[in-house]
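Asker: quick one, what's the 3D model for this:
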Amino acid sequence: MITSIQNCEKIFTRFIGLLFIFLVSACELPPVDSEQQGYRGLGMENVVNPRTKAKVLAENISPDPSPPVSSEGPKADEIYENVKLLNDLSIGEFTRLMASMTQWVSPEQGCNYCHVPGNFASEDIYTKQVARKMIEMTRKANSAWQAHMGETGVTCYTCHRGKPLPTAAWSTDPGPAHPSALKSTGQNTVSATVAYTSLPYDPLTTYLNNVNEIEVVAKTTLPTGKPGPSIVQTEATYGLMMHISDSLGVNCTHCHNSRSFFAWDQSPAARTNAWHAIRHVREINDEYINSIADILPATSKGVLGDPLKVNCNTCHRGLNKPLQGVSMLSSYPSLSGDKSGTE
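Answerer: Next comes the predicted model:
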């Protein structure tokens with residue numbers, strides 16, 4: 001009898017062990033690495049799964065640049081018709097950049113993705129107008145947003161990675177349908193945007209498409225009687241932080257000091273960079289993408305009709321420095337300035 005009970009206990013223990021392994025199989029499994037980022041004892045470290053990081057690194061390799069060409073010779077608008085941008089380039093530079101953009105954005109479709117065969121001056125294909133707007137956006141980013149990107153800069157490939165539409169694009173999430181008239185505040189809905197937490201599922205519309213205060217900590221010691229951040233705002237802010245953390249492959253302490261998440265004077269320099277990054281993303285979405293919504297087809301829009309936009313993951317893809325920090329801009333200086341010359 002005693003032996004039978006002991007055998008049952010062993011079987012039960014093994015069952016519980018297997019059940020535990022099954023339940024945590026979606027979590028990070030050891031071994032993991034940690035990188036010290038601040039003073040000891042403050043939890044200022046970044047925890048990295050080496051297997052996940054190896055995969056992310058393999059997916060973030062920049063293509064080899066095409067051979068450089070001379071800046072001498074006639075300008076692009078002296079040879080081609082209807083050149084409204086990039087007409088400050090020589091014909092060689094212009095052709096090189098067009099060929100590179102084709103590989104960055106539409107390698108399968110080729111030049112005909114933006115141009116009418118036999119009539120490159122035509123405006124009949126909407127993607128030509130979109131490309132023009134995106135070139136303006138890229139030059140503005142590289143000339144005015146060094147506070148976000150430093151001198152690394154971006155090219156079309158940073159977001160597109162060989163696809164007409166960036167993989168990590170987003171639109172407003174309507175959420176699941178509710179059987180009652182009660183309006184959901186967004187919690188407890190499975191969403192990759194907030195790393196599958198119970199936080200509001202669409203903080204991107206709130207903070208990366210609209211300008212709302214990102215604040216959860218009171219600035220006074222005692223209550224003042226004035227309205228402060230609500231619970232919904234607080235949860236949405238944490239949802240945005242989860243998105244940023246997941247997109248960059250970092251912990252909260254990449255930007256915040258665990259002693260005081262609020263205190264700027266105790267935060268790493270990366271927090272200032274992130275402050276500028278959020279505003280840069282807002283500008284891209286508002287001034288460049290939303291402004292061309294009328295010419296975009298349904299395939300470039302979400303279920304509510306708003307255009308697909310950018311977020312942190314569009315460029316970063318799991319790394320705190322997109323494409324491992326390699327600067328493609330240095331090989332394509334024609335995208336480095338806000339040179340919106342016209343005919």
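Asker: I figured Thr134 hits Thr158, correct?
Answerer: Careful, residue 134 is Met and not Thr. No. The criterion here is Cβ atoms under 8 Å, and Met134 misses it with Thr158 at 11.4 Å. Just so you know, the C-beta spots here come from the backbone N, C-alpha and C atoms, and that holds for glycine as well.
Asker: those two: who's more crowded?
Answerer: A direct count of neighbours by other Cβ atoms under 10 Å for Met134 and Thr158 places Thr158 higher, at 23 against 20.
Asker: for Ala141, see how far away that one is.
Answerer: According to Cβ to Cβ, to the nearest Å, Thr158 and Ala141 sit 9 Å apart.
Asker: which residues of the protein score low on pLDDT?
Answerer: For the chain, the stretches with pLDDT under 70 are 1-28, 178-185, 219, 338-343.
Asker: how many neighbours does Ile278 have?
Answerer: Neighbours around Ile278, by other Cβ under 10 Å: 17.
Asker: wait, doesn't it sit right on Ile214?
Answerer: Yes. Counting by Cβ under 8 Å, Ile214 is a contact partner of Ile278 at 7.3 Å.
Asker: if I pick Val105, what's in contact with it?
Answerer: Shown in contact with Val105 (Cβ atoms under 8 Å, 6 or more residues apart in numbering): Tyr113, Ala131, Cys156, His160, Gly162, Lys163, Pro164.
Asker: would CSV of those residues with neighbour count, distance to Pro227 and secondary structure be doable?
Answerer: Listed next are the contacts of Val105 as CSV, based on neighbours: other Cβ atoms under 10 Å; distance: Cβ to Cβ, whole Å; DSSP: H, G, I helix; E, B strand; the rest coil:
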residue, neighbour count, distance to Pro227, secondary structure
Tyr113, 17, 50, helix
Ala131, 20, 45, helix
Cys156, 25, 44, helix
His160, 21, 43, helix
Gly162, 14, 48, coil
Lys163, 14, 44, coil
Pro164, 16, 45, coil
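Asker: which residues of this protein fall in helices?
Answerer: 2-23, 50-58, 76-79, 91-105, 126-144, 146-149, 156-160, 203-204, 231-248, 269-283, 312-316 (DSSP state H).
Asker: the fourth one: how far from the chain's middle?
Answerer: So the one you mean is helix 91-105. In this view, helix 91-105 has its centroid 24 Å away from the chain centroid, taken as Cα atoms, centre = their mean, to the nearest Å.
Asker: buried set for it?
Answerer: Ile91, Gly92, Glu93, Phe94, Arg96, Leu97, Met98, Ser100, Met101, Thr102, Trp104, Val105 (16 or more other Cβ atoms under 10 Å).
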